[in-house]
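Visitor: here are the coordinates; sequence isn't available:
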C-alpha cells in the first residue's frame, strides 16, 4: 500500500512539476485564496504568533504580514513541487549561494562545517548546495523521518536530486564520526528552529518576545567533532529567486561557553526574520512548550520526565 501511494503521489507531483514556474505561480495565486480565505489554514495560530512576536506593530501591519506569509507559503508549495523536474542549470540561476570562498577556506584547512538554518524562504531549494560546493565536500542535511512512509520516501528522493545526502537525526553523530575517520570533509545543514522534545530541552532564550526552548544538538556536535560553524542568511530577491549567504560564526567552537553558539544562531535568525517576517514558517506551533510546564514535568536532578 505504501509503495502504491508513493508511486501515485510521485507521478502526480512529477507531472505537475513539468509546468513552467509562471503557470505554477498562477496555481499558487489560486491556492492562496483557497488556503487563506476558504480553508483558513491555521489562521488563528499564525495571527497569534505574529501578534505576540511583533507587539510594536499595529493590527493592520500584522494582517499585511499574515497575507504576505500565506502568499509566500503557497509559492513554497509549488516551488517544492517544481523541484521534481527542475534542471540543475535552472536551479543554479534561481538558488544562488554567497560566501563560498570562506567555506572553501575552512575546508582547505581540514575543517568540515555545520551550517545553522531556519525554516525561512525555500529550505528545500537549499538542497541544491552541492551544485555550488562541487567535489570539495559532501553536502548533507539532517532530517526528521516522517511518520507517513510514502511521503518520507518522496521527500528523501526530492532532497537528494541535486546531490545532497539526507541523514536521519538518530544517525547524525555516527555518520559525522564516520566522515571524520575517513577524512572526508562535509558541509552539514541543521534546521535548528524546531521545538525540542521535553527531554531534549537544555536551554531557553528570548526569541521574538517569547521565552523559547531551543535545540542545542548542533552546538554540541560542532564542539565534539570540532567543525567550523556557519549561519546561512537567506533572502528572497523576487518570486522564485533566492540568495543564501554563508556567515562564519567561528572555526574554533570549543573556545565558546555552553550555549553561546546556540545564542548566536538564535540572534542571527531573529534578525533575518525581522528583516522580512513573511518568509518564516508561522504555521508551526513554535511556542507550544512553556517553561512552567517544563519545570512541572521534568525532574531537576535527572533532567528526565517524571513518571
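Guide: Happy to help now that I have it. Please read all numbers here as calculations on a predicted model, not as lab measurements.
Visitor: C-alpha from now on. contacts and neighbour counts both.
Guide: OK.
Visitor: burial of residue 40, as a residue count?
Guide: Neighbours of residue 40 under the rule other Cα atoms under 10 Å: 13.
Visitor: The closest residue in space to it that isn't next to it in sequence: neighbour count?
Guide: Among residues not flanking residue 40 along the chain, residue 34 sits closest, at 7.7 Å (Cα to Cα, 6 or more residues apart in numbering). Summarising burial for residue 34: neighbours were counted as other Cα under 10 Å, giving 13.
Visitor: again with residue 265
Guide: Neighbours of residue 265 (other Cα under 10 Å): 24.
Visitor: for residue 146, same thing?
Guide: Residues near residue 146, counting by other Cα under 10 Å: 12.
Visitor: Can you classify it by secondary structure?
Guide: Following DSSP: H, G, I helix; E, B strand; the rest coil, the label given to residue 146 is coil.
Visitor: quick one: pLDDT of it?
Guide: On the pLDDT scale, residue 146 is placed at 79.
Visitor: related to what we said a few turns ago, surely the residue nearest to residue 40 is in a strand?
Guide: No - under three-state DSSP, residue 34 sits outside any strand and is assigned helix.
Visitor: how much space between it and residue 227?
Guide: According to Cα to Cα, to the nearest Å, residue 34 and residue 227 sit 45 Å apart.
Visitor: how close does the spatially closest residue to residue 152 that is not a sequence neighbour get to residue 178?
Guide: Of all residues not flanking residue 152 in the chain, residue 146 sits nearest, at 5.0 Å (Cα to Cα, 6+ apart). Distance of residue 146 to residue 178, computed by Cα to Cα: 25 Å.
Visitor: Is residue 246 in a helix, a strand, or coil?
Guide: Per three-state DSSP, residue 246 ends up strand.
Visitor: what residues are up against it?
Guide: Residue 246 sits next to 97, 98, 99, 100, 102, 103, 230, 231, 232, 233 when contact means Cα atoms under 8 Å, 6 or more residues apart in numbering.
Visitor: In helices only, show me those residues.
Guide: 100, 102, 103 (DSSP state H).
Visitor: What about those, which one has the most neighbours?
Guide: residue 103 (22 neighbours).
Visitor: got the contact list for that one?
Guide: By Cα under 8 Å, 6+ apart, the neighbours of residue 103 are 113, 246.
Visitor: Tell me where the stretch 151-300 of the chain has strands.
Guide: Listed in chain order, the strands of the stretch 151-300 of the chain (DSSP state E, counting those that start in this stretch) span 165-168, 186-191, 204-207, 210-213, 228-238, 241-250.
Visitor: number of nearby residues for residue 83?
Guide: 22.
Visitor: Can you name the residues that contact it?
Guide: Residue 83 touches 17, 125, 158, counting by Cα under 8 Å, 6+ apart.
Visitor: Closest one of these to residue 203?
Guide: Closest approach between these and residue 203, by Cα to Cα: residue 125, at 30.0 Å.
Visitor: where are the low-confidence patches of the stretch 201-307 of the chain?
Guide: 307 (pLDDT under 70).
Visitor: scratch that, the stretch 1-150 of the chain is what I was asking about
Guide: 1-2.
Visitor: Confirm for me that the residue nearest to residue 152 is in contact with residue 155.
Guide: No - Residue 146 lies out of contact with residue 155 (Cα atoms under 8 Å); the separation is 9.0 Å.
Visitor: By neighbour count, which of the contacts of residue 83 wins?
Guide: In the contacts of residue 83, the most neighbours by other Cα under 10 Å go to residue 125, 22 neighbours.
Visitor: Relative to residue 25, how far out is that residue?
Guide: Taken as Cα to Cα, the span from residue 125 to residue 25 is 16 Å.
Visitor: What are the buried residues along stretch 217-228?
Guide: Within stretch 217-228, the residues that qualify as buried by neighbour count (16 or more other Cα atoms under 10 Å) are 217, 218, 219, 220, 221, 222, 223, 225, 226, 227, 228.
Visitor: To what extent is the residue lying closest to residue 162 once chain neighbours are set aside buried, counted in neighbours?
Guide: Distance criterion Cα to Cα, 6+ apart; nearest residue to residue 162, sequence neighbours excluded, is residue 128 at 5.1 Å. By other Cα under 10 Å, the residues close to residue 128 number 24.
Visitor: Residue 78 in helix, strand or coil?
Guide: helix.
Visitor: what about the closest residue to it other than its chain neighbours, neighbour count?
Guide: The shortest distance from residue 78 to any non-neighbouring residue, by Cα to Cα, 6+ apart, is to residue 24 (6.1 Å). Residue 24 is flanked by 20 other residues according to other Cα under 10 Å.
Visitor: Quick one: list the elements packing against the one helix or strand residue 24 maps to.
Guide: According to DSSP states H and E, residue 24 maps onto helix 21-33. Judged by 3 or more Cα pairs under 8 Å, 6 or more residues apart in numbering; DSSP states H and E, helix 21-33 is in contact with helix 59-82.
Visitor: Appreciated, that's everything.
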